[in-house]
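**Student:** coordinates only, no sequence provided:
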């Protein structure tokens, strides 16, 4: 039965994913931090737009109006999010199952990458699990884009490797381009940049190891062109959105070195290869964010990594040396401020000055170490050699761990017995544990796994036992770490009730969730941080929840007239506003660039005559319809950020759109009754989306024809 399950990775990996993350699978607990303050609410807004038969281009509910399609981490162009959005109303459970999908798919991808290396099923399955439940993955669950990135990376490497080996070049070029498209639209930008550099490294390695370099270049020219064109056409709406958006946000510009080096992986955190739980302690020895410390892949892969490097045949392989050198460079980059490579890359390599978190490089370092460990596993199985050498390595590793344990007990601070044992709250006890205590909790299991591995090496069913041992090891390590890095303290039902997501997709101001007063207070609840996107208030908030806030919006937040403007409803008549002198370039801001339009006692106070009325008739993701009546010509202000693509129509005729109070939109309305429509219509983006859909359909047709065409239309033999 086990052999049958192992033979089908599409059953095994999803099953183990659900078991490992059982608190998420059975909706006992939820994720926390960024997952609930940014990634989940943005998905609900995307789903609302799709359910309203609109492209998820804009949202009126966060950051005073924000272009979702231009935010690199929103996932507005991610087809996986679209599928979940169409299938569900994006409940909290749907969000968590989406993440479980990424985990399982990542394991499956690594399994097939291992098979492409020529391994049999056992090392492919074992390293697939080691990758899926590795330290970087467990650490990054609350960062959805990191998990989706880790899902796509093995597939990209897999199909690109096949391409470089001239296997079904058109098919593998399209598949590589397709997964790069998924990565670009649904992954973390920094990880995408690193992936491009690694693909270039793979290409250079294949070129320089090729016996006929000229022929190699000729054969690859067209497939690489197909790959690039497929990626470009599929990603076109995202490419245009992201590039255009960079000039309107500070994060789109070159970042300072100090910022880029934030959250490095200190060399001390390499200790997590043995004991990941101990590195979660609040120790100055691990001087980085707790989510950036873990590179654990399990004791079994670690032993076979050492075995592979001790084996001359494996060690002398060009590919192994390439993997080893690349892994060293990647971990050197991950060390950030503790090593020179990340700083050197900042000054020398394009785009390496645009993202922070050097610890991101550890994702790829783990991949290359597992590729070496998998080679060791495969050779041990196929050659059935060096059993004694492997036992010596296991014994030596076990003795080293015991010596380390003695040193930790003798020379590290802290008591051996945890404090707060009298309390019944497990969370309080765990939080009080120091480095020494956490290590000693995990130590018995480390020794047990090492001892069992030593015994199983000579067993008749060694592969089955070792696979079970490795999975058990990874499961135990995961259970120790997920309360710290994955799940929140509140249970699922309480969190869902607290979020209280408004069931109305686009509520009008008459709805109870839209209030006519200022929003100056933050939601300080530690469970989700801010619930503004869930209660859906239009504008009037000073809480940032996106990675890249609009530069003009930040200028408005720093202005002296922010509070008076916040006192207005989402749409109001104003007698005085501030406007930029240079109306052609809204990204150009300096201290002398403002002019006062009209006159009045308080900028943005919204003084209005008793007979003036404003009624919002319809609200959607990309449009606001209203009816106004004014006794005299007035200036109508909409508290939504001004951004290229917005248009305004008065009685069906396009009018001049003004910028009010630094960042918002306004239009002059004549006296009398009028209909006014503010509409977000980025025409080039829509055109690019049509191209993307046509390209995706064409690729889908190509693969359908490849699979079923020959069967439907068999060749005639004469």
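**Tutor:** Received, thanks. Given the structure is predicted, the values throughout are model-derived calculations rather than measurements. Residues are numbered from 1 along each chain as shown.
**Student:** pull the helix or strand with minimum mean pLDDT from this protein.
**Tutor:** strand 594-598 (a mean of 37; mean pLDDT, DSSP states H and E).
**Student:** next helix or strand past that one?
**Tutor:** strand 613-619 (DSSP states H and E).
**Student:** longest single helix anywhere in this structure?
**Tutor:** Assignment by DSSP state H gives helix 213-246 as the longest helix of the chain.
**Student:** average pLDDT across it?
**Tutor:** Confidence over helix 213-246 (mean pLDDT, whole number) is 95.
**Student:** and if you look at stretch 143-162?
**Tutor:** Rounded mean pLDDT across stretch 143-162 is 96.
**Student:** give me the neighbour count for the residue lying closest to residue 659 once chain neighbours are set aside.
**Tutor:** Take residue 659 and drop its neighbours on the chain: the residue closest to it by CB to CB, 6 or more residues apart in numbering is residue 642, 4.7 Å away. Where you see a C-beta, it was placed from the backbone N, CA and C, and this is true even at glycine. For residue 642, the count of nearby residues is 23 (other CB atoms under 10 Å).
**Student:** what's the distance between residue 642 and residue 327?
**Tutor:** 48 Å (CB to CB, to the nearest Å).
**Student:** can you check residue 456 too?
**Tutor:** 27 Å.
**Student:** residue 237 now?
**Tutor:** Taken as CB to CB, the span from residue 237 to residue 327 is 36 Å.
**Student:** which one of these two has more residues nearby?
**Tutor:** residue 237 (25 against 20).
**Student:** leaving out the residues flanking it, which one is nearest to that one?
**Tutor:** residue 688 (4.1 Å).
**Student:** and whichever strand or helix holds the one you found, what's buried?
**Tutor:** Following DSSP H and E, one finds residue 688 within helix 683-704. Buried positions in helix 683-704, judged by neighbour count with 16 or more other CB atoms under 10 Å: 685, 688, 689, 692, 695, 696, 699.
**Student:** farthest pair within those?
**Tutor:** Across those, the longest distance by CB to CB is 21.0 Å; it joins 685 and 699.
**Student:** grab the nearest non-local neighbour of the residue positioned nearest the centre of the chain.
**Tutor:** By CA atoms, centre = their mean, the chain has its centre lying nearest to residue 145, at 0.8 Å. Nearest residue to residue 145 in three dimensions, chain neighbours excluded: residue 188, at 4.1 Å (CB to CB, 6+ apart).
**Student:** same thing with residue 182?
**Tutor:** That would be residue 152: by CB to CB, 6+ apart, it lies 5.3 Å from residue 182.
**Student:** residue 383: neighbouring residues, count only.
**Tutor:** For residue 383, the count of nearby residues is 10 (other CB under 10 Å).
**Student:** do you know how far it is from residue 469?
**Tutor:** 21 Å.
**Student:** so residue 46 sits against residue 76, correct?
**Tutor:** Yes - proximity of residue 46 to residue 76 meets the contact threshold set by CB atoms under 8 Å, at 5.7 Å.
**Student:** which ones are touching residue 445?
**Tutor:** 473, 476 (CB atoms under 8 Å, 6 or more residues apart in numbering).
**Student:** just to revisit the earlier point, tilt between the helix holding residue 688 and helix 213-246?
**Tutor:** 140 degrees (axes from the mean of the first three to the mean of the last three CA atoms, to 10 degrees).
**Student:** distance from the chain centre to helix 683-704, please.
**Tutor:** Centroid separation for helix 683-704 versus its chain: 24 Å, with CA atoms, centre = their mean, to the nearest Å.
**Student:** packing partners of it?
**Tutor:** On a contact count with 3 or more CB pairs under 8 Å, 6 or more residues apart in numbering; DSSP states H and E, helix 683-704 meets helix 169-186, helix 213-246.
**Student:** in the chain, where is pLDDT below threshold?
**Tutor:** Applying pLDDT under 70 to the chain flags the ranges 1-6, 252, 384-386, 413-428, 500-503, 509-535, 539-548, 576-611, 709-718.
**Student:** make it 50
**Tutor:** The model of the chain has pLDDT under 50 over residues 511-529, 580-609, 712-713, 718.
**Student:** strands along this protein, start to end?
**Tutor:** 29-31, 487-491, 571-574, 576-580, 594-598, 613-619, 623-630, 634-641, 646-650, 653-655, 658-660, 664-669, 672-680 (DSSP state E).
**Student:** same list (the ones you listed) but as CSV, adding distance to residue 264.
**Tutor:** Converted to CSV, the strands of the chain look like this (distance: least, CB to CB, whole Å):
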stretch, distance to residue 264
strand 29-31, 25
strand 487-491, 26
strand 571-574, 47
strand 576-580, 40
strand 594-598, 41
strand 613-619, 45
strand 623-630, 45
strand 634-641, 34
strand 646-650, 41
strand 653-655, 52
strand 658-660, 41
strand 664-669, 40
strand 672-680, 40
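**Student:** tabulate those strands (JSON lines), appending distance to residue 23 and mean neighbour count.
**Tutor:** Below are the strands of the chain laid out as JSON lines (distance: least, CB to CB, whole Å; neighbours: other CB atoms under 10 Å):
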{"stretch": "strand 29-31", "distance to residue 23": "4", "mean neighbour count": "25"}
{"stretch": "strand 487-491", "distance to residue 23": "5", "mean neighbour count": "18"}
{"stretch": "strand 571-574", "distance to residue 23": "44", "mean neighbour count": "22"}
{"stretch": "strand 576-580", "distance to residue 23": "50", "mean neighbour count": "21"}
{"stretch": "strand 594-598", "distance to residue 23": "52", "mean neighbour count": "14"}
{"stretch": "strand 613-619", "distance to residue 23": "37", "mean neighbour count": "16"}
{"stretch": "strand 623-630", "distance to residue 23": "41", "mean neighbour count": "19"}
{"stretch": "strand 634-641", "distance to residue 23": "38", "mean neighbour count": "24"}
{"stretch": "strand 646-650", "distance to residue 23": "44", "mean neighbour count": "19"}
{"stretch": "strand 653-655", "distance to residue 23": "53", "mean neighbour count": "12"}
{"stretch": "strand 658-660", "distance to residue 23": "48", "mean neighbour count": "22"}
{"stretch": "strand 664-669", "distance to residue 23": "43", "mean neighbour count": "22"}
{"stretch": "strand 672-680", "distance to residue 23": "40", "mean neighbour count": "17"}
